[in-house]
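A.B. asks: A predicted structure for the sequence below; I have some questions about it.
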Amino acid sequence: MRGCSGVSLVPIVLTSALVVAAGAPAASGLSDPTAAPASAATAPSLPASQDGAKAVLETSPRHGEWVDVAMPGGGTPIRTWVVYPERKDKAPVVVVIHEIYGLTPWIRAVADQLAKEGFIAVAPDLLSGKGPGGGGTESAGGRDEVVALVRSLTPEEVKARLDVVRDYALHLPAAAPKSATIGFCWGGSSSFAYATGQPGLNAAVVYYGTSPESARLAAVKAPVLGLYGGDDARVNATIEPAAAEMKKLGRTYEFEIYDGAGHGFLRDQEGREGANRKAAEKAWPRTVAFLRAHLEGK
């Protein structure tokens, strides 16, 4: 599998760092991620893996729709998948940032799972207006072309597009006034980077994405959660420098590393002889708890 490239990031803050290593119990009461998978009766509710994403989208009871979010001053709108939770009160917003592979059915299925957890999930195609005919991810001729298009996005473009999508979502009648980002691979790097440039963000989740340069971390206001596979040295080399700087700055940056899991473990849950699934079963409940704590005070 082709690795994801990072973007220049503006990081977050650190009050505690949780590192789960082989043979070591998880900190703060978390169970050992190297333990056997939970039984079907007790397994956490997870997003679909890549192979099950289309089926989830076809059978979901939640309302999902495509919207075109206008850019200020005109230009191609940002094609965005929006999924609503089934709840009586207003829901906080989570912006889902896709991998270097673009806005795929898997990313849309992650958005659906976030809606199931009670959030309004919005997943923009950050390649809108790019590619043949400006059709974004779906218009590209294959994965390699999508990867090239994503790598051509500038940090300024990414932030501007995330800003308009976040603003659109926060003004939905069903939205509460709090927001977070969650990103995967390239999107994980972008989630961390966005926290350095958007002071109104209430939380950021980073799945196996590289950390921003230390000089940018002072701008981070939102708490950040990072979730990483143990066999992902390229990405993981950026964790400790960010953690040290965030601790110095008094920022909140929590992270966990799951032994034996690889890059992309939440999407490829069947990979690495069960280690990816074990990592997913630890990381996703922690993600949901983190978002609820910082978006709803639960």
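C.D. replies: Happy to help now that I have it.
A.B. asks: just the helices in the stretch 101-250 of the chain please.
C.D. replies: Counting by DSSP state H, counting those that start in this stretch, the stretch 101-250 of the chain has helices at residues 105-116, 143-152, 155-170, 186-197, 233-236, 239-249.
A.B. asks: now the ones you listed as a markdown table including distance to Gly209 and mean pLDDT?
C.D. replies: For every residue, glycine as well, the C-beta is placed using N, CA and C. Formatted as a markdown table, the helices of the stretch 101-250 of the chain follow (distance: least, Cβ to Cβ, whole Å; pLDDT from 0 to 100):
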| stretch | distance to Gly209 | mean pLDDT |
| --- | --- | --- |
| helix 105-116 | 14 | 98 |
| helix 143-152 | 13 | 97 |
| helix 155-170 | 12 | 98 |
| helix 186-197 | 2 | 98 |
| helix 233-236 | 7 | 98 |
| helix 239-249 | 10 | 98 |
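A.B. asks: give me whichever of the ones you listed is most buried.
C.D. replies: helix 186-197 (a mean of 30; mean count of other Cβ atoms under 10 Å).
A.B. asks: what is that helix packed up against?
C.D. replies: On a contact count with 3 or more Cβ pairs under 8 Å, 6 or more residues apart in numbering; DSSP states H and E, helix 186-197 meets strand 91-97, helix 155-170, strand 175-184, strand 203-207, strand 224-231.
A.B. asks: let me have the helices of the stretch 101-250 of the chain in JSON lines, adding distance to Thr76 as columns.
C.D. replies: Shown next, in JSON lines, are the helices of the stretch 101-250 of the chain (distance: least, Cβ to Cβ, whole Å):
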{"stretch": "helix 105-116", "distance to Thr76": "19"}
{"stretch": "helix 143-152", "distance to Thr76": "13"}
{"stretch": "helix 155-170", "distance to Thr76": "10"}
{"stretch": "helix 186-197", "distance to Thr76": "19"}
{"stretch": "helix 233-236", "distance to Thr76": "31"}
{"stretch": "helix 239-249", "distance to Thr76": "34"}
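A.B. asks: go through the longest helix anywhere in the chain and flag the buried ones.
C.D. replies: The longest helix of the chain (DSSP state H) is helix 275-295. Using 16 or more other Cβ atoms under 10 Å as the test for burial, helix 275-295 gives 275-284, 286-288, 290-292, 294-295.
A.B. asks: likewise for stretch 171-191?
C.D. replies: Buried-residue list, stretch 171-191, by 16+ other Cβ under 10 Å: 172, 175-176, 178-191.
A.B. asks: same question for stretch 211-226.
C.D. replies: Using 16+ other Cβ under 10 Å as the test for burial, stretch 211-226 gives 211-214, 216-217, 219-226.
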